[in-house]
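Trainee: this is the structure alone, sequence omitted:
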């Protein structure tokens, strides 16, 4: 069953086309990743889903209802967390959480208190004294403690430390296990890889790829830098090796994660002096894969 359906949506701001024939579908009970570089159209899409913007053309529905005409009713079933939370400075964190929850209807104080404890949040302080991370916790606690059916997270872990990011990730998994739906917009590829069932990649207002993480395996390539006692003979012949570069005794390349064991076994036989590995950043992903792809399309 589809919770979100976006069909052939265009959005113009004057002469500027922010979204171009964008289509996407999010099913009930799944975590759907929505990624792309800054300015790609992620926030515009989310504002249209929330009924904050009207599409120039195309159709958008949530729970089978029109996102623009039925926005008020749809909001009762949604929880939204933006990447930069602004709250009332003279209210306490607890008062703001209760206000957000009451706006969505009935809520459980037990569930609210549980999430306050899990996020290690002090609800007694005035909001003006909170850091960005604590303001983010207000919105996250309000979302997780709600009875929403659809959760829309737009860079939700901005300002959170790694421990609180883990609390967030566990909360998202619990939402899915309860049969509810999540749309997650994030620039943290590792977060998307851990959580999402499917991913859509947006570039210049268009969905250029979508599928499962396994189907989009180039997202999970690791960047490897290695220096060995003896030079490699034919590492390029090994499956899963991409973007091979050599500078003296130092070799750098990208490797598909499913071939990591084979690659490490191979380079170990040459005597490792130094080995570094790190996941690709979203910026690097778009520079390496999508900008190159875009340039080829423009030249053809």
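Mentor: Great, that's in hand. For clarity, every value in this text was computed on a predicted model and none was experimentally measured.

Trainee: how about residue 124: what's its closest non-neighbour residue?
Mentor: Among residues not flanking residue 124 along the chain, residue 92 sits closest, at 5.8 Å (CB to CB, 6 or more residues apart in numbering). To be clear about C-beta, it is placed using only N, CA and C from the backbone, and glycine gets the same treatment.

Trainee: my guess is that neighbour contacts residue 126. True?
Mentor: Yes. Taking contacts as CB atoms under 8 Å, residue 92 lies within contact range of residue 126: 5.9 Å.

Trainee: show me the contacts for the residue positioned nearest the centre of the chain.
Mentor: For the chain, the residue nearest the mean C-alpha position is residue 186 (2.6 Å; CA atoms, centre = their mean). For residue 186, the contacting residues are 33, 34, 35, 153, 155, 156, 157, 192, by CB atoms under 8 Å, 6 or more residues apart in numbering.

Trainee: in strands, which of those fall?
Mentor: Residues of these located in strands (DSSP state E): 33, 34, 35, 153.

Trainee: may I ask which of those residues comes out lowest in pLDDT?
Mentor: Lowest pLDDT among the ones in strands among the contacts of residue 186: residue 35, with 88.

Trainee: so where do the strands sit in the stretch 201-300 of the chain?
Mentor: Remark: strands assigned in the stretch 201-300 of the chain by DSSP state E, counting those that start in this stretch are 206-211, 222-228, 241-247, 250-255, 272-278.

Trainee: count the neighbours of the nearest residue to residue 87 once chain neighbours are set aside for me.
Mentor: Sequence neighbours aside, residue 127 is the residue nearest to residue 87 in space, at 4.5 Å (criterion: CB to CB, 6+ apart). Neighbours of residue 127 under the rule other CB atoms under 10 Å: 19.

Trainee: do residue 13 as well
Mentor: Residue 13 - counted by other CB under 10 Å - has 11 other residues nearby.

Trainee: again, but for residue 37
Mentor: When neighbours are counted by other CB under 10 Å, residue 37 comes out with 18.

Trainee: now do the SS call for it.
Mentor: coil (DSSP: H, G, I helix; E, B strand; the rest coil).

Trainee: for the longest helix that the chain contains, which outside residues touch it?
Mentor: Criterion DSSP state H: the longest helix present in the chain is helix 162-177. Residues from elsewhere that reach helix 162-177, judged by CB under 8 Å, 6+ apart: 29-31, 115, 118-120, 133, 137, 140, 144, 151, 153, 156-157, 160, 181-182, 184, 191, 194-195, 197.

Trainee: picking that back up, roughly how far does the residue nearest to the centre of the chain sit from residue 268?
Mentor: Going from residue 186 to residue 268 by CB to CB, to the nearest Å gives 34 Å.

Trainee: want to throw the strands of the stretch 201-300 of the chain into CSV with mean pLDDT, mean neighbour count and distance to residue 16?
Mentor: Output for the strands of the stretch 201-300 of the chain, formatted as CSV (pLDDT from 0 to 100; neighbours: other CB atoms under 10 Å; distance: least, CB to CB, whole Å):
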stretch, mean pLDDT, mean neighbour count, distance to residue 16
strand 206-211, 89, 17, 14
strand 222-228, 91, 18, 35
strand 241-247, 87, 13, 34
strand 250-255, 90, 19, 34
strand 272-278, 91, 11, 36
